[in-house]
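K.L.:
Whatever this is, show me its structure:
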Amino acid sequence: MFSNYLTAVKGRVDSSKEISLSERNRLVALAEATLSDGFETYHWNANIHGIIVRLYTNSAHLYDFWVENWFPGPRAQNVLPHGIIYAVSGIEGHEPHAYYHHDTKTAIFINTEYYGQCKSWALGMAADILETQHGVHSIHGSCAVLGGRGVVIVAPTGTGKSTHTWGLMQLPDGKIHSDDWVFLQYKKGLAMADISERKFYLRTDMVRSFPNIEGLLKRCKCENVENNDFGAFANSRAILDPEWIAGRDKFVERAVVKSVILLRRDSTSPAEVCLGPDEAIDVLEEGKCQILAGAGKDMGSFKYEPFYNPYLLIKRNELQRSFFTELFESASCHVLNTGVETVEESQKRIRRIIKDA
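P.N.:
Numbers count the residues shown, from 1 in each chain. Coordinates of the predicted model:
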């Protein structure tokens, strides 16, 4: 039976990421009071690359997707999480909003059940700890392996990360690694990529490029699929087990990255540009991109998102520059414009880049 949940809020809500401790405590008290007033409350520990993030919510939908998405953390009552997310709906007099307090690693979502922002902030909380305490580099991107060579595709939402990752996986020597987020560690001149999630949270409008996945999507838990049409709404989503795509042998949990591809989508830039390390880092740090369908408000306008990573809750640009400097010591970098070529033409470029790396 097709499982689909329609949320009232269908995208990211406005946020405040530098709230004071007193504001944090006030919001937590409000969330906990609301949770204690109802019988429908849930909590669960997620293990995100060794970082334990606990969700407290009164939304069965958020809880369902949370458990489906992540690797499970320890269940013992005396295990203290590294970070906590409160996601509480039904609070009168409050507009949908998200808040973050860095020192206590606490996020509070008020009156929104949209899973995408909850998921992205969980990754951001894990990154907040991993990048400073363990030297782990978090990248908002997808990863695939072709002929044993890993490629990370970094791009704003809506430019084709998932589409091109899936395209590589269709090849006889292609495998899929991750769809949205990659953890990288640099050891002995190698860039080692690890997965972040147990299952993929992906856009269902991929059926336009890959019609054969419709059968898989019908078996998934979905969010905001309008009129049972997977391509009707640009931000409809599904939680998909990567092993369902083409079997266990087509999925890898670790990859050695040899090339990085940045995607843009406009009508004027060249189809392909090869960048040196310094140029690549400058492009990433500027993060200029056009807002496309599924990426939020003001579609069509331009914004600046350093390192194309809206998930980072704390911006540490110098640290990101040092991480990418290490990455480009062992991986080439190209920029492709998916706005001036077909998917097939861009795929041919990506395959050539990987094989030449």
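K.L.:
Surely residue 284 is in contact with residue 308?
P.N.:
Yes - in this structure, residue 284 is within contact of residue 308 by C-beta atoms under 8 Å, at 6.8 Å. All C-beta atoms are positioned from the backbone trio N, CA, C, and that covers glycine.
K.L.:
what do those two both touch?
P.N.:
Taking C-beta atoms under 8 Å, 6 or more residues apart in numbering as the contact rule, residue 284 and residue 308 both touch 154, 262.
K.L.:
neighbours of residue 155, just the number please.
P.N.:
Neighbourhood size, residue 155 [other C-beta atoms under 10 Å]: 23.
K.L.:
May I have the phi/psi pair for it?
P.N.:
Dihedral angles of residue 155 (phi, psi; degrees, to the nearest 10) stand at phi -170, psi 160.
K.L.:
For the closest residue to it other than its chain neighbours, which residues count as its bridge partners?
P.N.:
The shortest distance from residue 155 to any residue other than its chain neighbours is 3.5 Å, reached at residue 263 (C-beta to C-beta, 6 or more residues apart in numbering). In this entry, residue 263 is beta-bridged to residue 336, by DSSP bridges.
K.L.:
Can you classify residue 108 by secondary structure?
P.N.:
strand (DSSP: H, G, I helix; E, B strand; the rest coil).
K.L.:
Ok, residue 4 next?
P.N.:
strand.
K.L.:
what's across from it in the sheet?
P.N.:
residue 222.
K.L.:
now it: how far from residue 233?
P.N.:
Remark: distance between residue 4 and residue 233 (C-beta to C-beta, to the nearest Å) = 11 Å.
K.L.:
Residue 95 now?
P.N.:
According to C-beta to C-beta, residue 95 and residue 233 sit 23 Å apart.
K.L.:
Which of these two has more residues huddled nearby?
P.N.:
residue 233 (20 against 10).
K.L.:
so how far is residue 278 from the more buried one?
P.N.:
Between residue 233 and residue 278 the computed distance is 40 Å (C-beta to C-beta).
K.L.:
now swap in residue 134 and tell me
P.N.:
Per C-beta to C-beta, residue 134 is found 26 Å from residue 278.
K.L.:
how about the helix or strand harbouring residue 184: buried residues?
P.N.:
Element membership of residue 184, judged by DSSP states H and E, is strand 182-187. For strand 182-187, burial by neighbour count (16 or more other C-beta atoms under 10 Å) applies to 182-186.
K.L.:
what element comes up after that strand heading to the C-terminus?
P.N.:
Criterion used, DSSP H and E; the element after strand 182-187 is strand 190-194.
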